[in-house]
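[1] what shape does this take:
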Amino acid sequence: MKRSHVPETNSEKLDFKRVAPVFLVVLVDLLGLTIIIPLMPLYAASFGADAFLIGLLAAAYPMMQVVGAPLLGRLSDRYGRKPVLLVSQVGTFLGFILLGFADLLWLLFLARILDGLSGGNISTAQAVISDITTEETRTQGFGLVGAAFGIGFIIGPVIAFISLALSGNNYHVPAFVAAGFSAVSILLTLFLLEETLDRSQEPSRFGNSSFSIEKMLKVFALPQVGILLVLMFLQQLAFGGFEQLLALFTLSRLGLNASGNAIVFVFVGIIVVVVQVYFIGRWSRRWGDRNLVYLGLVALALGLSLVAITPREPVPWYEPEALRQELAASGDFRTHESTTLAVDIPATSGENWLGVGWILIALLPTSVGGGILRPSINSLISKRVVPSDVGGVLGLSTAFNSAANAVAPVLGGAIFQFLGSTAPFLIYGLTMAVLLFVALRGLQDPDRRYRVNFMEKKQD
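    Numbers count the residues shown, from 1 in each chain. Coordinates of the predicted model:
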C-alpha cells in the first residue's frame with residue numbers, strides 16, 4: 001500500500017510553512033461566515049420569524065451541505081483540491097450578496113440554500129491538510145483549521161459589531177461586508193494556494209466522484225470509521241444546535257441584541273483559538289486522539305447543561321422598548337418594515353450581572369469541548385483510510401456534520417418554541433453524557449493495524 005507523499009523526516013513536527021497558505025485561505029473565508037452567524041437569528045426575527053422558523057433558516061445551509069459536501073469531496077479526489085475550493089467559494093460569495101439585498105424572509109432562505117449547495121470549503125481544506133501532514137501531525141493540522149474558526153469567531157463578530165454601529169444597526173450591511181471577505185478568499189485561493197493532490201496515489205476503492213448509498217456503506221465498513229461518523233453527527237447535533245440557538249437564547253434570556261451577541265461570540269472564539277492553536281497538538285501527542293474525544297464529550301456535556309440553567313437576569317444596559325424598536329426594523333437604514341416580534345424578550349430592564357456572568361462561565365467548558373471534538377474525530381477518521389480516499393471520506397464526515405447542523409436547529413427551535421429556552425440545551429448536554437459512555441465502549445486504542453489488516457483482507 002502506498003503512503004502519503006509527505007516526507008517522513010521530522011514527521012513529529014508540523015510544517016507550518018506548508019499549512020500556512022490553507023490556514024490563511026480558510027480564515028479569510030470563515031470571516032464572512034462568522035460575521036453573519038451572530039446576527040442571523042436576529043436578522044430573521046426582524047422579519048417576524050418565530051423560533052421554529054429561525055431554526056428552519058439555520059438548517060437550510062447545512063441541509064444543502066449534506067448534498068454538496070460529499071460530491072465536492074469526491075470531485076476534489078478526482079480533479080484536485082484547488083478548483084473545487086474555488087467553485088465552493090464563488091457560491092459562498094453569491095450567497096452573501098443575495099443575503100445583503102434580501103428584503104423578504106424567503107430571500108434569506110434562498111441565500112443560505114445557495115451557500116450550502118456550494119459549501120465544500122471546509123472538507124476540501126481538510127483534504128489539503130491531510131495531503132501535507134503525516135499521521136503524527138494530522139490532528140494538529142486539523143486543529144489549525146479549527147483554529148481558523150476560532151479566530152474567525154473573534155474577528156468576525158467584531159467586524160459585525162463595527163458595521164452595525166456605523167450603519168445604525170442595519171442588518172444588511174454585515175452581509176455585504178461578509179461578501180467582501182469571501183471575494184478576498186477567492187483571490188487568495190487563486191494566487192496563493194498550490195494544488196496538493198498527489199495523482200500517483202493508489203486509486204480510490206470507492207470509484208468515481210458520484211455518491212451513492214452503496215459507497216457510503218462501504219465507508220461505514222472500514223474499521224472504526226462508522227462509529228466515528230456517528231460520533232461526528234451526534235456531537236455536532238449538540239454543538240451545532242448550541243451555536244445556532246445561542247443568539248436566540250441570549251436574546252430571550254438576557255436581552256442581548258446583535259451587538260451584544262457579537263461580543264459573546266468573540267469570547268467563544270478566543271477560547272477555541274487558545275485550545276486549537278496552543279493545546280490540541282500537545283494534548284494529541286501526549287494522550288492520543290481517542291482520549292481527546294472523551295475529554296471533549298465531558299466538557300461539552302458539562303458546559304451545555306450549565307448554559308441551560310442560566311438565570312433569567314437581563315444585562316444591566318437592557319431596555320425592552322429599545323430592543324423592540326431595533327428588532328422591528330424601524331430604523332432609517334432598513335429596506336423592509338416589520339412590526340411583529342414573535343420571540344419573547346425580558347419584560348423588565350436589566351439590573352445586575354448575574355445572568356451574563358453565569359453564561360460566560362458556562363461557555364468555557366462548552367467552547368473547549370466543541371474545539372476539541374471535530375479535529376480529533378476527523379484525525380482518527382483520516383488515519384483509517386488510504387490517502388486517495390481522504391477527500392471523499394472527509395467530505396462524508398462534513399456531510400454528517402452538516403446533517404447534524406440541519407437537524408439541530410429545527411429540532412432545537414421546535415423545542416425552544418414549545419418547551420421553553422432551557423429545554424434544548426439541557427437535552428443537548430444529556431445527549432453528550434450518554435454519548436461519552438457509547439464512545440468509551442466503542443472506540444479502541446487507535447493505531448495503524450486496523451487499516452493495514454483491512455487492506456490485507458481486501459487484497460485477499
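
[2] ok now stretch 102-118, how far from the chain's centre?
    Centroid separation between stretch 102-118 and its chain, computed with CA atoms, centre = their mean, to the nearest Å, is 18 Å.

[3] convert the C-alpha atoms of it to PDB, please.
    In PDB, the C-alpha atoms belonging to stretch 102-118 read as follows (Å, rounded to 0.1, in the frame of the first residue of the first chain):
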ATOM      1  CA  ALA A 102     -32.800  40.400   0.900                       C
ATOM      2  CA  ASP A 103     -36.000  42.300   1.700                       C
ATOM      3  CA  LEU A 104     -38.200  39.300   2.200                       C
ATOM      4  CA  LEU A 105     -37.800  36.300   4.500                       C
ATOM      5  CA  TRP A 106     -37.800  33.800   1.700                       C
ATOM      6  CA  LEU A 107     -34.800  35.500   0.200                       C
ATOM      7  CA  LEU A 108     -32.900  34.800   3.400                       C
ATOM      8  CA  PHE A 109     -33.700  31.100   2.900                       C
ATOM      9  CA  LEU A 110     -32.600  31.200  -0.800                       C
ATOM     10  CA  ALA A 111     -29.300  32.900   0.100                       C
ATOM     11  CA  ARG A 112     -28.500  30.200   2.700                       C
ATOM     12  CA  ILE A 113     -29.500  27.400   0.300                       C
ATOM     13  CA  LEU A 114     -27.200  28.700  -2.400                       C
ATOM     14  CA  ASP A 115     -24.300  28.900   0.000                       C
ATOM     15  CA  GLY A 116     -25.000  25.500   1.400                       C
ATOM     16  CA  LEU A 117     -25.100  23.700  -2.000                       C
ATOM     17  CA  SER A 118     -21.600  25.000  -2.800                       C
END
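
[4] if you count neighbours, what's buried in it?
    102, 105, 108-112, 114-118 (16 or more other CB atoms under 10 Å). Using the backbone N, CA and C atoms, a C-beta is placed for each residue, glycine as well.

[5] show me what the mean pLDDT comes to for that stretch.
    Mean pLDDT, computed over stretch 102-118, is 83.

[6] so which bits of the helix or strand containing R74 are buried?
    For R74, the element it lies in under DSSP states H and E is helix 51-79. By 16+ other CB under 10 Å, the buried positions in helix 51-79 come out as 51-66, 68-77.

[7] taking the buried residues of stretch 102-118 one by one, which sit in strands?
    Of the buried residues of stretch 102-118, none are assigned to strands by DSSP state E.

[8] and the residues you listed, which of them are in helices?
    Among these, the residues falling in helices (DSSP state H) are 105, 108-112, 114-117.

[9] would you list those in TSV and tack on distance to F176?
    Putting these into TSV (distance: CB to CB, whole Å) gives the following:
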residue	distance to F176
L105	19
L108	15
F109	19
L110	17
A111	12
R112	16
L114	16
D115	15
G116	20
L117	21
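
[10] which one of those sits closest to Q236?
    Q236 lies nearest to G116 out of these, by CB to CB, at 15.0 Å.

[11] thinking again about what came up before, any idea of the angle the helix holding R74 forms with helix 105-117?
    With axes from the mean of the first three to the mean of the last three CA atoms, to 10 degrees applied, the angle from helix 51-79 to helix 105-117 works out at 30 degrees.

[12] for helix 51-79, packing partners?
    On a contact count with 3 or more CB pairs under 8 Å, 6 or more residues apart in numbering; DSSP states H and E, helix 51-79 meets helix 40-45, helix 81-101, helix 105-117, helix 121-131, helix 225-254, helix 390-419.

[13] now do the last one: distance to the chain's middle.
    Yep, that's helix 390-419 we're talking about. Centroid displacement of helix 390-419 relative to its chain, using CA atoms, centre = their mean, is 10 Å.

[14] before we move on, what about the fourth one?
    For helix 121-131, the distance from its own C-alpha centre to the chain's C-alpha centre is 14 Å (CA atoms, centre = their mean).

[15] can you tell me which helices and strands it packs against?
    Looks like helix 121-131 contacts helix 16-36, helix 51-79, helix 81-101, helix 138-166, helix 390-419 (3+ CB pairs under 8 Å, 6+ apart).

[16] just the buried positions in the longest one, please.
    By that I understand helix 390-419. For helix 390-419, burial by neighbour count (16+ other CB under 10 Å) applies to 390-417.

[17] swap in the first one?
    Along helix 16-36, these residues count as buried under the neighbour rule (16+ other CB under 10 Å): 18-19, 21-36.

[18] and which of the buried residues of stretch 102-118 is nearest to V230?
    Comparing these against V230 with CB to CB places G116 closest, at 22.2 Å.

[19] how near is the closest residue to the closest one other than its chain neighbours to L94?
    Spatially, and ignoring its direct neighbours in sequence, G116 is nearest to M64 (2.8 Å; CB to CB, 6 or more residues apart in numbering). In this view, M64 and L94 are 13 Å apart by CB to CB, to the nearest Å.

[20] what's the overlap in contacts for those two?
    Common neighbours of M64 and L94 (criterion: CB atoms under 8 Å, 6 or more residues apart in numbering): 114-115.

[21] residue contacts, the residue lying closest to L229 once chain neighbours are set aside?
    Distances taken as CB to CB, 6+ apart put F400 closest to L229, at 5.1 Å, once the chain neighbours are dropped. Contacts for F400 were tallied using CB under 8 Å, 6+ apart; they are 229-230, 232-233, 236.

[22] and E351, backbone torsions?
    Here is the backbone geometry of E351 (degrees, to the nearest 10): phi -130, psi -20.

[23] ok, the one 5 residues further on next?
    The phi and psi values for V356, taken as degrees, to the nearest 10, are phi -70, psi -30.

[24] any idea how far L234 is from Y428?
    10 Å.

[25] more neighbours: which of the two?
    Here L234 and Y428 are compared on neighbour count by other CB atoms under 10 Å; more neighbours surround Y428, at 29 against 19.

[26] now the more buried one: how far from F153?
    Y428 is 19 Å from F153, by CB to CB.

[27] same question for L187.
    23 Å.

[28] those two: which is more packed in?
    F153 (29 against 12).

[29] what about the nearest residue to the more buried one once chain neighbours are set aside, which helix or strand?
    In space, and not counting its chain neighbours, F153 is closest to G269: 2.8 Å by CB to CB, 6+ apart. Here G269 is covered by helix 258-273, with elements defined by DSSP H and E.

[30] in that helix, what's buried?
    258-262, 264-269, 271-273.

[31] quick check, nearest of these to G281?
    For those, the nearest to G281 is V273 (13.2 Å; CB to CB).

[32] how close does that closest one get to V385?
    Computed as CB to CB, the V273 to V385 distance reads 29 Å.

[33] pLDDT below threshold where in the stretch 51-200 of the chain?
    119-121, 146, 150, 196, 198-200 (pLDDT under 70).

[34] rerun that using 50 as the cut-off
    By pLDDT under 50, the stretch 51-200 of the chain contains no weakly predicted segment.
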